[in-house]
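Engineer: Next one to model:
(2 chains, ligands or ions: 2)
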Amino acid sequence: MSRVMKFAPVILKNLFSKPVTRQYPAVPIQYPEGDRGHIEIQIDRCISCGMCVRSCPTGTLSVDRMKGTWTINRFDCVQCGYCVLKCPVKCLSIVPGYQVPEREKTAQTYQKSPEVLKAEAEKRAKQAALAKEMAAKKAAALKAKKEAEAAAAAGKAAEAAPAPAEN
Amino acid sequence: MGKKSVIPFGPQHPVLPEPIHLDLVVEDERIVEAIPNIGFIHRGLEGLAPDRDFQKYLYVVERTCGICSFGHGLGYVESIEGIMNVEVPERAKYLRVVWAEMARMTSHLMWLGFTADAFGFESLFYEAWRIREKVLDLMEMTTGGRLIYSVLKVGGVLKDITPDMQKKILDDLNEIEKETREMTRTFLDDYSVKTRLVGVGVLTKQQAHDVGACGPMARASGIVCDMRMRGYEAYADLGFEPVVSQDGDSYARCEVRINEIFASIELVRRAFERMPKEGDLAVTVKGNPDGEYFARIEQPRGEAIFYSEGHGKPALDRFRLRTPTFANLQALCETLKGAEYADVPILILTIDPCISCTER
Ligand code: SF4
Ligand code: SF4
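Structural biologist: Ligands and ions are numbered 1, 2, ... in the order given. Below is the predicted model of the structure:
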């Protein structure tokens, strides 16, 4: 008896105790804090730098700077969290809750709000104008320098030129 | 003398969690020879190394296999840290040991379940998996993942185990230890279980040495060989002792793995005791790997070897992984010789095969 019924106490205990399984989905699952479920983005803080795109090992992300979009194909994401580590402005986060199954692998696109886009476009235009101004200034300075140099060279040449005439 | 015939076994077979094919040459009911054939789930993970920078490639290496994922990550970062001469902070070393040992517990508990299933003890199978679930919950709480942990980085770890978590882990480990003791009495003392395990598939010490067995397979045959004795990470400070058995049969392999679960629990406790209370989790790593390195670590299934070679570029030029199951397949063929046909499922399981690691 003692050699053959070793498992009996465990069975008896299990018979008279509550089930260890949960009545899912009636009783929802409690994820621990810090669970790596899926990636979320605060799209308006994103600066479209593309660091996350370059860091993703599966290549599931894409960023369009002009349109202000950030796209993820959640079915290709392996929840490694490397993009979250690499994002310079920390607008990505990995939060609990797994991707629900779907019939097709569809990509999800996040769009920056019009205000942010407008502000960004303005900033870009300002920067472009500034850059243009700087370039013009630089070109002017360069031109002035060249002219001065040429004038100096001409002066020198004029100085040097009469000398052989004297000879 | 009966007539010899060949029975194909796998790649689809109820006892196999993963696909492997064996051609079994049988004479009457006895196996004369076993010829393994692998390559059904080759994914070419090593070939991905030259396309990705070495930090990013860690996430690929980790996904070689769901059960040994921590071990693979650890071996890889060790090999890179070896090339770049990175000294990992003390606290990170202890945290790595804690996670590695908990991963070993989940793996061994899973194996116990599969073995129970292979000899037809369905309720014992669920009992083992019920206990494993608790360890998985602890892993999920500390790392954020149940099987793929992604907490390692070259130079340290990414997450910390807070004192609250440590307390919860220690409390749960007490419970897990108690329940595992209760369950393993059935594995070690039950009459019917013993008839399926004792004296089945004996691998002598000499044979184990000759075929180059590793991990619990070698230790069950009396070979004291455990990479943790090398003292990598914090194992040197934890007073690690390998678990060894002498008989070399399936029962001995079962016993070794059961005792390793308890040894792992003890190591986690000691690691929490001796861990520095505070300190950095990681050091910043600059530059690219330039050189080559072999890292050898002990995974749940045995010794795994990681070879990395880089030439100062962000991506490695070559990465190679020798997994424990690859070494133990020879031992399996050895134990299968002369075995009864009915024992084949048990014998395949006692090497704790992990085919997706083997084929990478
Ligand atoms: S979590 Fe990993 S796989 Fe997913 S998008 Fe980020 S980097 Fe890519
Ligand atoms: S790394 Fe961050 S800021 Fe840069 S594109 Fe990605 S989400 Fe945007």
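Engineer: of all of chain B, which residue lies closest to ligand 1?
Structural biologist: Of all residues in chain B, B:Y59 sits closest to ligand 1, with a separation of 6.8 Å (CB to the nearest ligand atom). Where C-beta positions appear, they are placed from N, C-alpha and C, glycine not excepted.
Engineer: secondary structure element for that residue?
Structural biologist: Secondary structure assignment for B:Y59, by DSSP states H and E: helix B:54-62.
Engineer: Which elements pack onto that helix?
Structural biologist: helix A:82-86, helix B:69-84, strand B:152-153, strand B:318-322 (3 or more CB pairs under 8 Å, 6 or more residues apart in numbering or on different chains; DSSP states H and E).
Engineer: and for it, what are the contacting residues?
Structural biologist: A:55, A:57, A:78, A:80, A:82, B:45, B:48-49, B:52, B:69-70, B:72-73, B:75-77, B:80, B:148-150, B:152-154, B:288-289, B:308, B:310, B:314-316, B:319, B:321 (CB atoms under 8 Å, 6 or more residues apart in numbering or on different chains).
Engineer: now the angle between helix B:69-84 and it, please.
Structural biologist: When axes from the mean of the first three to the mean of the last three CA atoms, to 10 degrees is applied, the directions of helix B:54-62 and helix B:69-84 differ by 150 degrees.
Engineer: Identify the residues contacting the closest residue to B:D226 other than its chain neighbours.
Structural biologist: The shortest distance from B:D226 to any non-neighbouring residue, by CB to CB, 6 or more residues apart in numbering or on different chains, is to B:P242 (3.9 Å). Applying CB under 8 Å, 6+ apart to B:P242 gives the contacts B:R219, B:V224, B:C225, B:D226, B:R228, B:M229.
Engineer: repeat that with 7 Å
Structural biologist: For B:P242, the contact set (CB atoms under 7 Å, 6 or more residues apart in numbering or on different chains) comprises B:R219, B:V224, B:D226, B:M229.
Engineer: picking that back up, now for the residue of chain B closest to ligand 1, how many residues are close by?
Structural biologist: Burial measure for B:Y59: 22 neighbouring residues, criterion other CB atoms under 10 Å in any protein chain shown.
Engineer: pLDDT score assigned to the closest residue to B:G156 other than its chain neighbours?
Structural biologist: For B:G156, ignoring the flanking residues on the chain, the nearest one in space by CB to CB, 6+ apart is B:A282 at 2.6 Å. At B:A282 the predicted local confidence, pLDDT, stands at 82.
Engineer: Chain B contacts on chain A?
Structural biologist: By the rule CB under 7 Å from any CB of the partner chain, the part of chain A lying against chain B is A:3-4, A:6-7, A:10-11, A:20, A:32, A:34-36, A:55, A:57, A:78, A:80-82.
Engineer: any chance of the helices and strands packed on helix B:54-62 in a markdown table, plus distance to ligand 2 and mean pLDDT?
Structural biologist: Output for these, formatted as a markdown table (distance: least, CB to the nearest ligand atom, whole Å; pLDDT from 0 to 100):
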| stretch | distance to ligand 2 | mean pLDDT |
| --- | --- | --- |
| helix A:82-86 | 6 | 88 |
| helix B:69-84 | 23 | 90 |
| strand B:152-153 | 18 | 88 |
| strand B:318-322 | 27 | 87 |
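Engineer: On the pLDDT front, check residue 33 for me.
Structural biologist: Just so you know, I chose chain A. According to the predicted model, the pLDDT of A:E33 comes to 84.
Engineer: I was after chain B.
Structural biologist: Taken from the predicted model, the pLDDT recorded for B:E33 is 84.
Engineer: Also B:M1?
Structural biologist: 58.
Engineer: And the helices in chain A?
Structural biologist: Per DSSP state H, chain A has helices spanning A:8-15, A:51-55, A:82-86, A:114-160, A:162-166. These are given in chain order.
Engineer: Could you take these and lay them out as CSV, with extra columns for mean neighbour count?
Structural biologist: Rendered in CSV, the data for those read as follows (neighbours: other CB atoms under 10 Å in any protein chain shown):
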stretch, mean neighbour count
helix A:8-15, 12
helix A:51-55, 19
helix A:82-86, 19
helix A:114-160, 10
helix A:162-166, 7
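Engineer: Can you give me the domain assignment for chain A?
Structural biologist: Following the assignment in automatic domain parsing, chain A carries domains at A:29-112, A:113-155.
Engineer: Tell me which residues touch B:V32, please.
Structural biologist: When contacts are counted by CB under 7 Å, 6+ apart, B:V32 is found next to B:K4, B:V25, B:V26, B:K337.
Engineer: Any idea how many residues pack against the first one?
Structural biologist: So that's B:K4. A count of neighbours around B:K4, defined by other CB under 10 Å, yields 11.
Engineer: What's opposite the residue lying closest to it once chain neighbours are set aside in the beta bridge?
Structural biologist: Distances taken as CB to CB, 6+ apart put B:E27 closest to B:K4, at 5.1 Å, once the chain neighbours are dropped. Beta-bridge pairing for B:E27 (DSSP bridges): B:K4, B:R30.
Engineer: can you pull the pLDDT of B:E27?
Structural biologist: At B:E27, the predicted lDDT confidence score is 84.
Engineer: A:R22 - how many residues pack around it?
Structural biologist: When counting by other CB under 10 Å, one arrives at 11 neighbours for A:R22.
Engineer: same check, this time on B:G248
Structural biologist: B:G248 has 25 neighbours, counted by other CB under 10 Å.
Engineer: related to what we said a few turns ago, give me the subset of the contacts of B:P242 lying in helices.
Structural biologist: Among those, DSSP H puts B:R219 in helices.
Engineer: Got a PyMOL select line for the buried ones in the contacts of B:P242?
Structural biologist: Per 16 or more other CB atoms under 10 Å in any protein chain shown, the buried members of the contacts of B:P242 correspond to this PyMOL selection:
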select buried, chain B and resi 219+226
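Engineer: want to throw the contacts of B:P242 into a markdown table with pLDDT?
Structural biologist: As requested, the contacts of B:P242 are arranged in a markdown table below (pLDDT from 0 to 100):
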| residue | pLDDT |
| --- | --- |
| B:R219 | 89 |
| B:V224 | 86 |
| B:D226 | 84 |
| B:M229 | 81 |
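Engineer: Now for the contacts of B:P242: which two are most distant?
Structural biologist: The two members of the contacts of B:P242 with the most space between them (CB to CB) are B:R219 and B:M229, at 11.1 Å.
Engineer: which residues touch B:V202?
Structural biologist: Applying CB under 7 Å, 6+ apart, the residues contacting B:V202 are B:G248, B:D249.
Engineer: check which helix or strand covers it.
Structural biologist: Secondary structure from DSSP H and E places B:V202 outside every helix and strand.
Engineer: Give the residue spans of chain A that score low on pLDDT.
Structural biologist: A:1-4, A:160-167 (pLDDT under 70).
Engineer: So which residue is dead centre in it?
Structural biologist: Geometric centre of chain A, nearest residue: A:C52, 3.7 Å, by CA atoms, centre = their mean.
Engineer: If we ignore the residues flanking it in sequence, what's nearest that residue?
Structural biologist: The shortest distance from A:C52 to any residue other than its chain neighbours is 3.8 Å, reached at A:C83 (CB to CB, 6+ apart).
Engineer: what about that neighbour, distance to B:Y191?
Structural biologist: For A:C83, the distance to B:Y191 under the criterion CB to CB, to the nearest Å works out to 56 Å.
Engineer: how many other residues sit next to B:I20?
Structural biologist: Counted with other CB under 10 Å, the neighbours of B:I20 add up to 24.
Engineer: isn't it right next to B:I355, touching?
Structural biologist: Yes. With contact taken as CB atoms under 7 Å, B:I20 and B:I355 are classed as touching, separated by 5.1 Å.
Engineer: since we're on residue 88, how many residues are nearby?
Structural biologist: Picked chain A for this. A:P88: 9 surrounding residues under other CB under 10 Å.
Engineer: that's the wrong chain, I meant chain B
Structural biologist: Neighbour count of B:V88, defined by other CB under 10 Å: 22.
Engineer: Quick one: name the residues of chain A near ligand 2.
Structural biologist: For chain A, the residues found near ligand 2 under the criterion CB under 6 Å from any ligand atom are A:41, A:46-52, A:63, A:70, A:87, A:89, A:91-92.
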